[in-house]
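Enquirer: Here's a sequence, model it:
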Amino acid sequence: MELFSKDRIGGVLLLAFCIAYAVLSQRITLLPFQANVAFHARTMPEVLSVLGIGLSLLVIVFPGSDERPRFAGFNWTQGFLFLILMSAYGFTVRPLGFIVSTSAFLMIGFALLGERSAWKLVVVAVPVVVGFWFMMTQGLDVFIEPLPAFMRED
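Expert: Now for the predicted structure:
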C-alpha cells in the first residue's frame with residue numbers, strides 16, 4: 001500500500017479545500033429572521049462541505065489505486081498562463097464590465113488552447129457571454145454590470 005499515491009494526495013487536497021470551505025461558510029451573515037429556519041444562506045455550503053469532507057476521507061482511507069504521482073509530461077507553462085489569465089480576469093471584471101472582460105477571458109483562453117481563427121474566437125465567445133449575461137439578468141434577476149466603467153451612466 002503506497003502512502004503517497006495519486007488518490008491519497010488528491011484526497012488530502014480535497015479535504016483541505018472542504019475544511020476551508022466549511023470554515024468560510026460560517027462567515028455568511030444571516031438575517032435575524034433566518035436564525036431558526038431550516039434552510040438559509042449557509043445550508044448548502046454546510047451540506048456540501050460535510051459531503052466533501054466525508055468523501056475525501058473515504059478516498060484517503062480507501063484509495064482506488066496505488067499509482068505514484070508523476071510530474072513529467074504536463075504543460076506547466078500553459079497551466080501557469082491560465083492562472084495568470086484567471087487572476088487578470090478577476091481584476092478586470094469590475095472596471096471593464098462583465099461582457100468585455102468575460103469575452104476577452106474566453107477568447108484568450110481558447111487561443112491558449114490552440115484555436116488560431118480570430119473569427120471563431122469572437123463568434124463563439126461573445127454570443128455565449130451575452131447569452132449568459134441575459135439569462136442571469138433577465139431570467140434570474142441577478143444584476144451583473146455589463147459595460148466598462150467609462151460607458152456607464154452613474
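
Enquirer: Does L15 belong to a helix, a strand or coil?
Expert: Following DSSP: H, G, I helix; E, B strand; the rest coil, the label given to L15 is helix.

Enquirer: Could you measure from it over to L58?
Expert: 10 Å (CB to CB, to the nearest Å). Every residue, glycine included, has its C-beta placed from N, CA and C.

Enquirer: Which residue of these two possesses the greater neighbour count?
Expert: L15 (18 against 11; other CB atoms under 10 Å).

Enquirer: Counting neighbours, what do you get for the nearest residue to that one once chain neighbours are set aside?
Expert: Closest residue to L15 apart from its sequence neighbours, by CB to CB, 6 or more residues apart in numbering: S56 at 4.0 Å. The number of residues packed near S56 is 20, by other CB under 10 Å.

Enquirer: Does L30 touch A41 like I think?
Expert: Yes: L30 lies in contact with A41 (CB atoms under 8 Å); the separation is 6.2 Å.

Enquirer: The residue nearest to L121 when sequence neighbours are not counted and I144: what is the separation?
Expert: Closest residue in space to L121, ignoring its immediate chain neighbours: M107 at 4.3 Å, by CB to CB, 6+ apart. Remark: distance between M107 and I144 (CB to CB) = 19 Å.

Enquirer: So which of those two has more stuff around it?
Expert: The neighbour comparison of M107 against I144 (other CB under 10 Å) goes to M107, with 19 against 15.

Enquirer: List the buried residues of whatever helix or strand that one lives in.
Expert: Following DSSP states H and E, one finds M107 within helix 98-112. Neighbour counts over helix 98-112 (16 or more other CB atoms under 10 Å) mark 98-110 as buried.
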